[in-house]
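Visitor: Compute the structure for the input listed below.
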Amino acid sequence: MRILAVIPARAGSKGIPNKNIRIIGEHPLIYYSINNALNSRYITDIVVTTDSEEVKLIAKKMRVNYKDRSKELCADNITLDSVIFDAIPKDQKWDYIVTMQPTSPTLTVETLDSAIKYAIDNELDTLISAINKPHLSWSEVGGKKVPNYKERLNRQYLPAYYIETGAFVISKYAAVSPSSRIGNKVDIYEIPEEESQDIDDFSDLLSAELSLKKQKVAFYVNGNNEIGLGHIYRVLELADEFYSKPDIYYNYDKTDPVVFGDTTYNLFPVRNELELYEKCKENNYTIFINDILSTTTYYMSGLKSSLGKNAKIINFEDDGEGSLLADLVFNALYSNSTQSNTYCGELYYVCPKTFLFFNPIDIKDNVENVLITFGGADPQNYTDRLLKIVSKDEYKKYNFTIVLGKAKRNVEELMEYNKYKNIQVLYNIKNMPELISENDIAVTSRGRTGYELALMGIPTIAMSQNEREERHSFVCNENGFFYIGLNPDDELIENTLKEYLSLSMNNRKELQNKMLQHDLKKGRNRIVSLIDSL
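Guide: As a prediction, the model looks like this:
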């Protein structure tokens, strides 16, 4: 079977000068259609019809034929049908002619070949690429605007509405004439929307550039009562920074999928690292992000082998030996590192999006409201100990808000403290910045919540949940916190709380000023820029 691809690419373009030879995604625009034709399993011959010397040069370098297009066939009023007919060698027999416009750079060869096979298998005269884009639309009839629908429905319930793309028109040779490429037996081939980009104006150029550079991203993350849920929260924040939908993997022996909340990201449980490696081999990820604490060289070597040499690996909070094999490591909770691939400190803290809309609190004359929150897990049960303290009569004049995370184990038991008028126990809340802004001081652990409280300028007492948290450097006295160590006794906790409840306005302002001297809102931008630079 002989199948000819005809690629029309004239020199003139009023909308975008030099359109067909503009560099987009590291190649001239014309490159993509030629490359798809070269890599097709079905296309046997290729001809580029053009009046552009630059396009001819590119065609020769890519080792495909070109047809000199006459000046008459380059006029604005000339239809593509006559251009395609003119370019077909008439001294040979053809089964199909495939028109491939260079203005569709995001089309994949897999989709092209699938369409050609569909046309052959169904003995079609013509197959046209299109996307299904149902929308509420209107027309003009007799000078009056009228709807093209009988009933207003959500888009997913509207009937199919196919819009042609310039990706391809597959026609039997007998159906091609100077005035048409449409035969009697016609069908539409629906292509993915991300492959339907037509370059008509400068905004299309930008959109196509982003599509061509789009990375295939995956995360591996775990969170539970022992290691907390900060890793989960950070991954869900970072996933929103990519112009694609990353896959998120987790070990189902370590992580309950409930902790991911109502996310619409694709979640994939794996039993072990070997299963994760197999998934990586299948999916050809270009960026892989670990948020699993310390990695080993064994794990990282296996991951690199599974991903391939062009993939980049980024690790968060990794102080294990495997971190040396990562392309980038971010440790916002630590102050420094000797490794050249590692970026440490508060400059790389990932601020939750909702906190960007809130300003620091106004320091009041006296402390009235106290926030107690120990992240998603609280393995030391500091919450339980503090609730026993603040439920005493001597604290009745203060209002306490206690936030329990999704990995806290005895939630129902702690909810019983809601019987006290001055105590409010909340579980798995969604409005953390709003809640923080209503308080005068706080008590927390030495993890990411400390950054959130610093953003809001809340004078805070802090304690570590484990030996690892003891090494977290940001939450310290120098930065406006009162740090009282790992597993302090109840007497120290209560005495420190009493001291904070009685702090003067000026003292609390001094603590707030220390907190606000740090730039905590631009970390996500720094991280994404460094990943992009890879």
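Visitor: I389: what secondary structure?
Guide: At I389 the chain is in helix, as set by DSSP: H, G, I helix; E, B strand; the rest coil.
Visitor: same check, this time on I128
Guide: strand.
Visitor: thought E478 was touching K514?
Guide: Yes. If you go by C-beta atoms under 8 Å, E478 and K514 touch, sitting 7.2 Å apart. All C-beta atoms are positioned from the backbone trio N, CA, C, and that covers glycine.
Visitor: domains of the protein?
Guide: 3-212, 215-344, 357-516 (automatic domain parsing).
Visitor: quick one, which of the ones you listed is nearest to L534?
Guide: The closest of the domains of the chain to L534 is domain 215-344. By C-beta to C-beta, the value is 4.6 Å.
Visitor: quick revisit: between E478 and K514, which one's more packed in?
Guide: K514 (18 against 9; other C-beta atoms under 10 Å).
Visitor: Find the residue closest to the more buried one in space, skipping its chain neighbours.
Guide: G480 (3.4 Å; C-beta to C-beta, 6 or more residues apart in numbering).
Visitor: Read off the pLDDT value for N148.
Guide: Predicted confidence (pLDDT) for N148: 87.
Visitor: How about the contacts made by it?
Guide: 136-139 (C-beta atoms under 8 Å, 6 or more residues apart in numbering).
Visitor: Closest one to N122 out of the residues you listed, please.
Guide: S137 (29.5 Å).
Visitor: how far away is that closest one from K144?
Guide: 15 Å (C-beta to C-beta, to the nearest Å).
Visitor: So these two - more neighbours on which side?
Guide: S137 (11 against 7).
Visitor: on that earlier part again, I figured the residue nearest to K514 hits H518, correct?
Guide: No. Taking contacts as C-beta under 8 Å, G480 lies outside contact range of H518: 9.2 Å.
Visitor: which residues are common contacts for these two?
Guide: With C-beta under 8 Å, 6+ apart as the test, G480 and H518 both reach A454.
Visitor: which of these two has more neighbours?
Guide: Each of G480 and H518 has its neighbours counted (other C-beta under 10 Å); G480 has more, 23 against 17.
Visitor: list the contacts for the more buried one?
Guide: 454, 459-460, 511-515.
Visitor: on that earlier part again, what's the pLDDT at the residue nearest to K514?
Guide: The predicted local confidence for G480 is 96.
Visitor: quick one, phi/psi of E140?
Guide: Backbone dihedrals for E140, given as degrees, to the nearest 10, come out at phi -110, psi 120.
Visitor: Nearest to the spatial middle of the protein, which residue is it?
Guide: F242 (2.9 Å; C-alpha atoms, centre = their mean).
Visitor: Go ahead and list the helix or strand containing it.
Guide: Using DSSP states H and E, F242 is not contained in any helix or strand.
Visitor: how close does the closest residue to it other than its chain neighbours sit to T286?
Guide: Nearest non-adjacent residue to F242, counting by C-beta to C-beta, 6+ apart: V217, 5.0 Å away. Taking C-beta to C-beta as the measure, V217 falls 7 Å from T286.
Visitor: Between those two, which has more neighbouring residues?
Guide: When neighbours are counted by other C-beta under 10 Å, V217 and T286 differ, and V217 comes out ahead with 23 against 17.
Visitor: Is the more buried one bridged to anything, and to what?
Guide: Going by DSSP bridges, V217 is paired in beta bridges with I287.
Visitor: OK, contacts around it?
Guide: Contacts here follow C-beta under 8 Å, 6+ apart; on that basis V217 touches 239, 242, 244, 246-247, 285-289.
Visitor: Please apply the same query to N283.
Guide: Counted by C-beta under 8 Å, 6+ apart, N283 has contacts 216, 218, 247.
Visitor: what sits against the last one?
Guide: Taking C-beta under 8 Å, 6+ apart as the criterion, D247 is in contact with 217-219, 265-266, 268, 283, 285.
Visitor: Also A59?
Guide: Residues in contact with A59 (C-beta under 8 Å, 6+ apart) are 30, 34, 48, 50, 65-66.
Visitor: switch to 7 Å and redo it
Guide: 34, 48, 66 (C-beta atoms under 7 Å, 6 or more residues apart in numbering).
Visitor: count of residues packed around the second one?
Guide: Residues near V48, counting by other C-beta under 10 Å, number 29.
Visitor: looking at the sheet around W138, what are its partners?
Guide: P147.
Visitor: From what I see, it and K144 are in contact.
Guide: No. In this structure W138 lies outside contact range of K144 using C-beta atoms under 7 Å: 10.1 Å.
Visitor: re earlier: need the max-distance pair from the contacts of N148.
Guide: Of all the pairs that the contacts of N148 form, the one spanning the most space (C-beta to C-beta) is L136 and S139, at 11.9 Å.
Visitor: quick one: which of the two has more around it?
Guide: The residue with more neighbours, out of L136 and S139, is L136; 12 against 9, by other C-beta under 10 Å.
Visitor: Go through the contacts of N148 and name the one nearest L530.
Guide: Distances from L530 to the contacts of N148, taken by C-beta to C-beta, are shortest for L136, at 42.9 Å.
Visitor: Give the full set of residues in contact with the closest one.
Guide: Contacts of L136 by C-beta under 7 Å, 6+ apart are 149, 152.
Visitor: Roughly how far does it sit from K522?
Guide: L136 is 40 Å from K522, by C-beta to C-beta.
Visitor: tell me the secondary structure for the closest residue to S473 other than its chain neighbours?
Guide: If the residues on either side of it in the chain are set aside, S473 comes closest to S335, at 4.1 Å by C-beta to C-beta, 6+ apart. Per three-state DSSP, the secondary structure class of S335 is coil.
Visitor: List the residues that contact S335.
Guide: 344-345, 473.
Visitor: Out of the residues you listed, which sit inside strands?
Guide: C344 (DSSP state E).
Visitor: now the contacts of S335 in CSV, with pLDDT?
Guide: Listed next are the contacts of S335 as CSV, based on pLDDT from 0 to 100:
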residue, pLDDT
C344, 94
G345, 91
S473, 89
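Visitor: so which of the contacts of S335 comes closest to N39?
Guide: Distances from N39 to the contacts of S335, taken by C-beta to C-beta, are shortest for C344, at 44.5 Å.
Visitor: so where's this structure uncertain?
Guide: For the chain, no stretch has pLDDT under 70.
Visitor: For the lengthiest strand in the chain, C-alpha coordinates in PDB please.
Guide: In the chain, ranked by residue count with DSSP E as the criterion, the top strand is strand 162-172. This file holds the C-alpha atoms of strand 162-172, laid out as PDB (Å, rounded to 0.1, in the frame of the first residue of the first chain):
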ATOM      1  CA  TYR A 162     -17.000  18.200  16.600                       C
ATOM      2  CA  ILE A 163     -14.600  21.000  15.500                       C
ATOM      3  CA  GLU A 164     -12.100  20.200  12.800                       C
ATOM      4  CA  THR A 165      -8.400  20.600  13.600                       C
ATOM      5  CA  GLY A 166      -5.600  21.000  11.000                       C
ATOM      6  CA  ALA A 167      -3.800  17.900  12.200                       C
ATOM      7  CA  PHE A 168      -4.700  15.700   9.300                       C
ATOM      8  CA  VAL A 169      -7.200  14.800   6.500                       C
ATOM      9  CA  ILE A 170      -6.800  11.200   5.300                       C
ATOM     10  CA  SER A 171      -8.300  10.700   1.800                       C
ATOM     11  CA  LYS A 172      -8.400   7.900  -0.700                       C
END
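Visitor: Now the element after that strand, going C-ward?
Guide: Sequence-wise, the next helix or strand downstream of strand 162-172 (DSSP H and E) is strand 186-190.
Visitor: for the stretch 301-450 of the chain, what spans make up the strands?
Guide: Counting by DSSP state E, counting those that start in this stretch, the stretch 301-450 of the chain has these strands, from start to end: 312-316, 328-331, 342-344, 369-373, 399-404, 423-427, 441-445.
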